[in-house]
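Participant: no sequence for this one, just the structure:
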């Protein structure tokens, strides 16, 4: 098996930086540390997955503090007024209303935690993850990627017993491309991808960074993007920091800032808000990796 050893070493270094800085998935981290009841955090998790936008999630949460409240509200169609990012562009043009309505139909009067919990029929976290993503995809407008992310957040925010059974790499272009480049693969089969993913994940673990599959998937995707000049360690934190600082409600900013300091370590805690375009091509152009904010 051919391996680009220097790039595998760089991936290992990148995984370490991303993990210790908490740059992997800080949106899940910040929701999990909010000083709110679990049901509220789960509803915010659902709203964030719907819009992929913290401003939209909090605006909806303040107007409709639960899916049940939304169902009963005369102004429920106003959910279409809030921004869906490019990742959720399929819900623009008012289609987000259909997602809310479909979700309420699937819940059928149950709480979100009750509905999520019905997927857990095994002690196997991977099987639970697969069942949960299938359950989530029954909600109108939820595709493979948004279901993967929603289930990931269910584990991190609500502490539910899930982790991807594998990297689900064959359907993910970024992670797949990362492994193809490092292991010199051309149109690999799913089995070949799974094998090299295990090799890479085990190698990273041997160097001291142990990753769940959901985090491995994120890290190899971001490493691939960094090779192309569109990512740097700390980019996620900088983006989230800007979202917090620009929230219009002071109470929401205070709530999120209190959560931020619980999980972001120094010196990353003091990262400047906003993605820095000058940092994105650094690794591509120089081979050097940014290691501090």
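Facilitator: Okay, I see it. What you see is a predicted model, and the numbers here were worked out from it, not measured in a lab.

Participant: can I see the domain layout of the chain?
Facilitator: Domains of the chain are assigned by automatic domain parsing as 1-33+177-293, 34-158.

Participant: Centre of the chain to the last one, how far?
Facilitator: Spelled out, that is domain 34-158. Mean C-alpha position of domain 34-158 versus that of the full chain (C-alpha atoms, centre = their mean, to the nearest Å) differs by 13 Å.

Participant: End to end on it, go ahead and measure it.
Facilitator: The first and final residues of domain 34-158 sit 11 Å from each other (C-alpha to C-alpha, to the nearest Å).

Participant: circling back: wait, which of the domains of the chain is closest to residue 171?
Facilitator: domain 34-158 (5.7 Å; C-beta to C-beta). Where C-beta positions appear, they are placed from N, C-alpha and C, glycine not excepted.

Participant: still on that earlier bit, now the domains of the chain as JSON lines including mean neighbour count and distance to residue 164?
Facilitator: Below are these laid out as JSON lines (neighbours: other C-beta atoms under 10 Å; distance: least, C-beta to C-beta, whole Å):
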{"stretch": "domain 1-33+177-293", "mean neighbour count": "17", "distance to residue 164": "4"}
{"stretch": "domain 34-158", "mean neighbour count": "18", "distance to residue 164": "5"}
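
Participant: so can I have TSV of those domains showing mean pLDDT?
Facilitator: Shown next, in TSV, are the domains of the chain (pLDDT from 0 to 100):
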stretch	mean pLDDT
domain 1-33+177-293	97
domain 34-158	96
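
Participant: want to try a markdown table for those, with distance to residue 165 as columns?
Facilitator: Below are these laid out as a markdown table (distance: least, C-beta to C-beta, whole Å):
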| stretch | distance to residue 165 |
| --- | --- |
| domain 1-33+177-293 | 7 |
| domain 34-158 | 3 |
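
Participant: if I look at residue 197, how far off is residue 5?
Facilitator: 17 Å (C-beta to C-beta, to the nearest Å).
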